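1. Dropping the sequence and predicted coords here.
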Amino acid sequence: MFLRNAWYVAARSAEIGQALVPLTILGERIVAYRKENGDPVALEDACPHRKLPLSMGRRAGDAVVCGYHGLTFDPAGRCIASPTQSRIPVGARVHSYPVADRWELLWVWMGDPSDADVSKIIAIENFADPAWGRAIGGPMDCACNYLYLADNLLDPSHVAFVHPTSFGASGTEQTALQTEVRDDGVVVWRWILDRELPPYYASLVKFEGRCDRLQHYEVRYPAVAINKSVFTPAGSGGPHQPLHAKAYVMVSYHFLTPIDEHATRYHWLQHRNTDANDEEITARITDGARVAFEEDRRVLEAVHRGMANKSTPNINLALDAGSLRFRRELTALIDREQGLAAAR
């Protein structure tokens, strides 16, 4: 089940031009392209005649021509030409999805078009701040349900075991987790005090010695995660302390787009409060993140297979409190949405 009245990342904006690009989101086949003025379009990728993908057709100005018998559809999904007969057939129409470019990403609204509101796309703090460096990654396809990725992104404790040479460090295997439920999602966080820096961040921070470390793991409904990592000199961190002048802050945004129940397309964006124009550091951060996310993918694809084919019951641990609460709240939102749709 999916929450349909929501914005999902379809692709990086630069990946969608005037060519017809086939995509699958929430199990629905979509063809994306840009009009001649650059505005994005997303249509149902299936001609209503025999369901040939429109992505196998061709462009005619801003319209799409089916490659089977030439039915032609405008960006609103209306059939505007039927070359084999004088009258456009009743029912010759395809669904047109609301689309928007935000944060160098192309977003698609998968629910009722009348409910689409671009203000509901997540706000990315400091995106245009020239003092902040930015790295954009993906896409990465994962052969697992998106909720396993959401589980992982609400679980700071996994870094000690999945990422021991990058994000893991002393304290990540034992420090207690705190869970907070918000209106738009769930946050799991903890401060780890007076520890060695993890390898991934050791060359990036702007202070010497041991650190206090915040792990802020958040997932917003239905499928956008925010990881905030804060490193301050030991003795200066903690939940009630002001941000130290030499604090290193990295905020990672993870965009999880369900392809279907068994696969997810994963984009990410990382912001840091230092070295805004250092391309070498940006490349190093991006490469390191990709290695770590590949480690996650290997584990989560195996989890998906294991859970789909289990012969004995699985158990939950205390560290699952955040992800279990997220799943319950998301299920309630989906149930409510389906109930409203049935009542219409």
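-> Noted; the coordinates are in hand. Numbers count the residues shown, from 1 in each chain.
2. list the helices and strands the one helix or strand Gly288 maps to packs on?
-> For Gly288, the element it lies in under DSSP states H and E is helix 279-308. Using 3 or more Cβ pairs under 8 Å, 6 or more residues apart in numbering; DSSP states H and E as the contact definition, the elements that helix 279-308 packs against are strand 133-142, helix 146-152, helix 159-162, strand 263-272. Any C-beta I mention is one placed from the backbone N, CA and C, and that applies to glycine too.
3. Show me which positions of it end up buried.
-> 281-282, 285, 288-289, 292-293, 295-297, 299-301, 303-304 (16 or more other Cβ atoms under 10 Å).
4. before we move on, what about stretch 255-262?
-> 255-259, 261-262.
5. Pull the residues that contact it.
-> For stretch 255-262, the external contacting residues (Cβ atoms under 8 Å, 6 or more residues apart in numbering) are 2, 8-10, 24-27, 105, 138, 141, 143-146, 149-150, 223-225, 264-269, 304.
6. Quick check: mean pLDDT of it?
-> For stretch 255-262, mean pLDDT rounds to 98.
7. what separates the longest strand seen in the chain from the chain centre, distance-wise?
-> Across the chain, the longest stretch assigned as strand under DSSP state E is strand 248-260. The gap between where strand 248-260 is centred and where its chain is centred comes out at 5 Å by Cα atoms, centre = their mean, to the nearest Å.
8. Between helix 279-308 and it, find me the angle.
-> 40 degrees (axes from the mean of the first three to the mean of the last three Cα atoms, to 10 degrees).
9. So what are the sheet partners of strand 248-260 and their directions?
-> strand 224-233 (antiparallel), strand 263-272 (antiparallel) (DSSP bridges).
10. okay if I get the helices and strands packed on helix 279-308 as TSV plus distance to Leu193?
-> Shown next, in TSV, are the helices and strands packed on helix 279-308 (distance: least, Cβ to Cβ, whole Å):
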stretch	distance to Leu193
strand 133-142	27
helix 146-152	24
helix 159-162	16
strand 263-272	22
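11. and of these, who's closest to Pro83?
-> In terms of Cβ to Cβ, the element of these nearest to Pro83 is strand 263-272, at 35.4 Å.
12. how much does the closest one deviate in direction from strand 133-142?
-> 170 degrees.
13. Out of the helices and strands packed on helix 279-308, which gets nearest to Thr84?
-> strand 263-272 (36.6 Å).
14. how distant is the closest one from the center of its chain?
-> Worked out by Cα atoms, centre = their mean, strand 263-272 lies 5 Å from the chain centre.
15. which of the residues in that strand are buried?
-> 263-272.
16. Can I get those residues in a markdown table including distance to Thr172?
-> Shown next, in a markdown table, are the buried residues of strand 263-272 (distance: Cβ to Cβ, whole Å):
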| residue | distance to Thr172 |
| --- | --- |
| Ala263 | 29 |
| Thr264 | 25 |
| Arg265 | 28 |
| Tyr266 | 22 |
| His267 | 25 |
| Trp268 | 20 |
| Leu269 | 23 |
| Gln270 | 19 |
| His271 | 22 |
| Arg272 | 20 |
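17. Relative to Gln85, how far out is Val49?
-> I think there's a mix-up here, since residue 49 is His and not Val. Distance, His49 to Gln85, by Cβ to Cβ, to the nearest Å: 11 Å.
18. More neighbours: which of the two?
-> His49 (17 against 8; other Cβ atoms under 10 Å).
19. so who does the more buried one touch?
-> Per Cβ under 8 Å, 6+ apart, neighbours of His49: 66, 68-69, 71, 92.
20. what's the pLDDT at it?
-> 96.
21. Quick check: which ranges of the stretch 1-150 of the chain have low pLDDT?
-> The stretch 1-150 of the chain contains no residues with pLDDT under 70.
22. Show me what the residue nearest to Arg297 when sequence neighbours are not counted bridges to in the sheet.
-> Once flanking residues are discounted, Arg297 sits nearest to Cys142: 5.0 Å by Cβ to Cβ, 6 or more residues apart in numbering. Note on Cys142: beta-bridge partners Thr264, judged by DSSP bridges.
23. And Val99, by the same measure?
-> Going by DSSP bridges, Val99 forms beta bridges with Val108.
24. how near is it to Asp275?
-> Taking Cβ to Cβ, one finds Val99 at 33 Å from Asp275.
25. These two: who's more crowded?
-> Val99 (23 against 16).
26. wait, doesn't the more buried one sit right on Ala11?
-> No. Judged on Cβ atoms under 8 Å, Val99 makes no contact with Ala11 at a distance of 10.4 Å.
27. Overlap in contacts, those two.
-> Taking Cβ under 8 Å, 6+ apart as the contact rule, the neighbours common to Val99 and Ala11 are 32, 106.
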